[in-house]
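Chemist: Show me the folded form of this:
(4 chains)
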Number of protein chains: 2
Amino acid sequence: MALPPSDDTSNRQRTPGTGLRRGGLPFTPAVEDYAKALYRLEQSTHDPVATGALAARLEISAPSASNMLRNLEQLGLATVAPGRGARLTAAGRDVARGVIRRHRIIECFLTDILHIPWDCVHEEADLLEHAVSARVAEAMWEALGRPDRDPHGDPITAVDDDDPDFGVLEALDTWEAGATGVLVRVSDARPEALRYMAAQGISPGLDVSVLSTEPFGAGQRVRIGGLDHMVGPELGRLIFVQRI
Amino acid sequence: MALPPSDDTSNRQRTPGTGLRRGGLPFTPAVEDYAKALYRLEQSTHDPVATGALAARLEISAPSASNMLRNLEQLGLATVAPGRGARLTAAGRDVARGVIRRHRIIECFLTDILHIPWDCVHEEADLLEHAVSARVAEAMWEALGRPDRDPHGDPITAVDDDDPDFGVLEALDTWEAGATGVLVRVSDARPEALRYMAAQGISPGLDVSVLSTEPFGAGQRVRIGGLDHMVGPELGRLIFVQRI
DNA sequence: GAAATTGATTAGTGTAGGCTAATCACTATG
DNA sequence: CATAGTGATTAGCCTACACTAATCAATTTC
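Modeler: Numbering: from 1, shown residues only, chains lettered A, B, ... in the order given. Alright, predicted model coming up:
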C-alpha cells in the first residue's frame, strides 16, 4: 500500500472569478502585462501614454485598453488623465520593473542553465514571468551569479532602478564603414530575426567592425566575432553596438 | 539613444476570454488542475470519481465541479457517467501525468538548483506547473541529471507510465518497535507538517528505526538519520518507509 | 463655420471559471 | 409507504478580460 493521503492539498488561493490558482501573487498576469507595456511606452516617449498606443502595443482593442486602464487606476498603479492618456504611479512602475526584472532573469536562466537556444527564450519567459514568485526569481539570479544583462544584452536592474541610460549605445545601421565596437544588445522584438542571428552566430559580447556600407539600401558588410555578414538595414536596426 | 524598437512584441496568443497569454499551451490551468485531481482520486479508489469528491479535493463547490466535468468531457479528457461519477480518458491521463511530472521536476529544480527550502517548494511548484512548457520541464530534468524522485520522495515517471506501485512502502505509524528501514517519501499534503519535518531534519533517504511504540496514541519514538524523534500518529501517517 | 477624420469611451456580448439557492433523484429510515 | 437525508444538477449570478458596434469629443480640412 502506498500514496494514501494522496498529496497536494495545495493552498490554492481563489481570487474570485480567476479560476483556481494565483497562490498569493499580488496581481493578475493581465495587470502585469499592462503595467509592463505602459512602462515601456512611457519610457520611450516620456509623455502620458495614449489609450490607442497601449492597445496597439498589446494587440488588443482600444476599448479593452480603456477598460483596463480604469482598473489599473483603481489598483493605484496608474493615473488616467481624462482624454489625454495614462501614466504609471510609483507603485505601477515597481510592478512593471518587477515583471521586467523577472523576465530577464528567466531568460538568463533558460539559456545559461537549461541551455535552451537563445532565440527561443523570450516566448518561454513571457509565459513564466507571471508565475515565478519574487523569491524564486531572486534565487535564480543568485544561482546565475547575479548577472547584469540578459542573453539579448538587456540590463537586469534592481526593482527600484530605471533601466540605465544606454549612453553611447547606437543601432548598427547608423555606423559608417570603418567603425568598430562591441555588440551590446539585440532587440528581441522580432523572433524570426533572433532565430536568424542565432543561426549566424551573432550574439551580444562579440566584437563588431563595419567593413563597408553598400549603396541602394543593401546594408553593410560587417565582421562580427570574426565572421563576415551582410547586414541589411532591417536587421541593423535591431543590433545595438557601442564604440570602443 | 537606445532601446528604440522597445522589444517584447511577444506573440501573445489570445485564447478568447482568457486574458492575454497562454502562448501555445494546450490546456488552461484549471483544466490541468482538474485532470490532476481526477487522476489522483481515480488512482486511490480505482472507481469512477464522484463529483463531490472532486469538488472537495479542489476545494470548490459541487456545481463548479459538475460544470467543469462537462467541459473536460467535451475536451475528450474525461467521460462522465450520468449520475455515477467521472473517469479520465487515455488523453486525460496523459494530461494529468504531464502536470504531475512537471510539478515534481520543478520541485527538484527548486530545491537542488535554487536551494529553496524543501518545505516551500510545493506551493511554488503549484504555481509554476501550468506555466512551464514541456520543453523547459524536460530541459530541467536533464540539467538535474534525470532524477527519478522529487524532494518528497515522489517518483518522477515518464508521461505514459503510471506512478509505480510503491510495493512494500508502508506508513511509519503502522510499524512496530524494532522495525528498521529507510524513509522513502513524505506526503506533501500538509505544508505545516513539511515545515516541521524540515526543521527536525526529517527527509527522504534517511535510515529509520522504530525504538518504541508508546501507549494511548502517543505515537512512536523513532530514530531517523541518527536523531531521535517522537512521532505522533498524525505525522506517522505522512511518512512512508520501506523495510530493509 | 460646416464637415470629415481621428481617438476615446460607452453599451452590449462572450468565455472561462467561480458561487449560492433551489431542485431532482435516490437511498434509507420510521 | 411516506419522509428525510444525501448527492448531483439546474438556474441564475459574479468577476476578469476580451470583442464589436455605436457614440462622443476634438481636431483638421475645405
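Chemist: mind listing what the closest residue to DNA strand C within chain A touches?
Modeler: Proximity of chain A to DNA strand C (Cβ to the nearest atom of the strand) peaks at A:G52, 2.6 Å away. Glycine gets a C-beta too; all of them are placed from N, C-alpha and C. Applying Cβ atoms under 8 Å, 6 or more residues apart in numbering or on different chains to A:G52 gives the contacts A:A62, A:A65.
Chemist: Now name the helix or strand holding A:H152.
Modeler: Assigned by DSSP states H and E, A:H152 belongs to neither a helix nor a strand.
Chemist: if I read this right, it contacts A:P204, doesn't it?
Modeler: Yes: if you go by Cβ atoms under 8 Å, A:H152 and A:P204 touch, sitting 6.6 Å apart.
Chemist: The two: which is more packed in?
Modeler: A:H152 (25 against 20; other Cβ atoms under 10 Å in any protein chain shown).
Chemist: Run through chain A and note the low-pLDDT ranges.
Modeler: A:1-21, A:83, A:163-168 (pLDDT under 70).
Chemist: how does chain A divide into domains?
Modeler: Chain A resolves into domains spanning A:29-88, A:95-163, A:169-243 when parsed by automatic domain parsing.
Chemist: Could I get the buried residue list for the host helix or strand of A:D33?
Modeler: Assigned by DSSP H and E, A:D33 belongs to helix A:29-45. Within helix A:29-45, the residues that count as buried by 16 or more other Cβ atoms under 10 Å in any protein chain shown are A:29-42.
Chemist: show me the contacts for A:G181.
Modeler: Contacts of A:G181 (Cβ under 8 Å, 6+ apart): A:W175, A:D207, A:V208, A:S209, A:V241, A:Q242, A:R243, A:I244.
Chemist: please redo it, this time with the cut-off set to 7 Å
Modeler: For A:G181, the contact set (Cβ atoms under 7 Å, 6 or more residues apart in numbering or on different chains) comprises A:V208, A:V241, A:Q242, A:R243, A:I244.
Chemist: Likewise for A:K36?
Modeler: Applying Cβ under 7 Å, 6+ apart, the residues near A:K36 are A:A96, A:V99, A:I100.
Chemist: Please flag which of those residues sit within helices.
Modeler: Using DSSP state H to define helices, the subset of those located there is A:A96, A:V99, A:I100.
Chemist: Now render those as CSV, adding distance to chain B and neighbour count.
Modeler: Below are the ones in helices among the contacts of A:K36 laid out as CSV (distance: Cβ to the nearest Cβ, whole Å; neighbours: other Cβ atoms under 10 Å in any protein chain shown):
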residue, distance to chain B, neighbour count
A:A96, 12, 24
A:V99, 10, 23
A:I100, 9, 25
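Chemist: can you put those residues in a markdown table and add distance to DNA strand C?
Modeler: A markdown table is the format used below for the ones in helices among the contacts of A:K36 (distance: Cβ to the nearest atom of the strand, whole Å):
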| residue | distance to DNA strand C |
| --- | --- |
| A:A96 | 19 |
| A:V99 | 23 |
| A:I100 | 24 |
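Chemist: Tell me who's in contact with the nearest residue to A:L206 once chain neighbours are set aside.
Modeler: Leaving aside its chain neighbours, A:L206 sits nearest to A:G225 (3.4 Å; criterion: Cβ to Cβ, 6 or more residues apart in numbering or on different chains). By Cβ under 7 Å, 6+ apart, A:G225 lies in contact with A:G201, A:L206, A:D207.
Chemist: tell me the phi and psi of the nearest residue to the last one once chain neighbours are set aside?
Modeler: Across the structure, with Cβ to Cβ, 6+ apart as the measure, the residue nearest A:D207 apart from its sequence neighbours is A:V182 (5.8 Å). For A:V182, the backbone dihedrals are phi -130, psi 140 (criterion: degrees, to the nearest 10).
Chemist: Quick check, A:V182 in contact with A:I244.
Modeler: Yes: if you go by Cβ atoms under 7 Å, A:V182 and A:I244 touch, sitting 6.1 Å apart.
Chemist: So these two - more neighbours on which side?
Modeler: A:V182 (15 against 11).
Chemist: ok, now which ones touch that one?
Modeler: A:V182 neighbours (Cβ under 7 Å, 6+ apart): A:D207, A:V208, A:V241, A:Q242, A:I244.
Chemist: How about A:R195: what's its closest non-neighbour residue?
Modeler: A:D119 (4.3 Å).
Chemist: wait, doesn't the one you found sit right on A:A198?
Modeler: Yes: contact between A:D119 and A:A198 holds when scored by Cβ under 7 Å: they sit 4.1 Å apart.
Chemist: which of these two has more neighbours?
Modeler: For A:D119 versus A:A198, neighbours defined as other Cβ under 10 Å are more numerous around A:D119 (22 against 16).
Chemist: Spell out, range by range, the strands that occur in chain A.
Modeler: Along chain A, counting by DSSP state E, strands occupy A:78-81, A:85-88, A:169-171, A:180-186, A:207-214, A:219-224, A:227-231, A:239-243.
Chemist: Save those strands as CSV, and put in distance to B:M140 too.
Modeler: Putting the strands of chain A into CSV (distance: least, Cβ to Cβ, whole Å) gives the following:
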stretch, distance to B:M140
strand A:78-81, 36
strand A:85-88, 34
strand A:169-171, 34
strand A:180-186, 26
strand A:207-214, 34
strand A:219-224, 32
strand A:227-231, 32
strand A:239-243, 31
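Chemist: Specify the stretch among the ones you listed that is closest to A:N67.
Modeler: Closest to A:N67 of the strands of chain A, according to Cβ to Cβ: strand A:78-81, at 11.2 Å.
Chemist: Return the set of buried residues in the closest one.
Modeler: A:A78, A:V80.
Chemist: Neighbours of A:P215, how many?
Modeler: Quick note: A:P215 (other Cβ under 10 Å) scores 6 neighbours.
Chemist: try the one 3 residues further on
Modeler: With neighbours defined by other Cβ under 10 Å, the count for A:A218 comes to 12.
Chemist: Relative to A:A55, how far out is the residue lying closest to A:L54 once chain neighbours are set aside?
Modeler: Leaving aside its chain neighbours, A:L54 sits nearest to A:A65 (4.7 Å; criterion: Cβ to Cβ, 6+ apart). Per Cβ to Cβ, to the nearest Å, A:A65 is found 4 Å from A:A55.
Chemist: So these two - more neighbours on which side?
Modeler: Neighbours per residue, other Cβ under 10 Å: of A:A65 and A:A55, the larger number sits with A:A65, 23 against 19.
Chemist: Tell me who's in contact with that one.
Modeler: A:T51, A:L54, A:A55, A:L58.
Chemist: give the contact list for the third one.
Modeler: When contacts are counted by Cβ under 7 Å, 6+ apart, A:A55 is found next to A:S61, A:A62, A:S64, A:A65.
Chemist: quick one: which of those residues has the most company?
Modeler: Neighbour max across those (other Cβ under 10 Å) = A:A65, 23 neighbours.
Chemist: So which of the contacts of A:A55 is the closest to chain B?
Modeler: Within the contacts of A:A55, the smallest distance to chain B is 9.8 Å, found for A:S64 (Cβ to the nearest Cβ).
Chemist: Find the nearest non-adjacent residue to that closest one, please.
Modeler: Nearest to A:S64 is A:A55, by Cβ to Cβ, 6+ apart, at 6.8 Å.
Chemist: Against A:T45, how distant is the one you found?
Modeler: For A:A55, the distance to A:T45 - Cβ to Cβ - is 15 Å.
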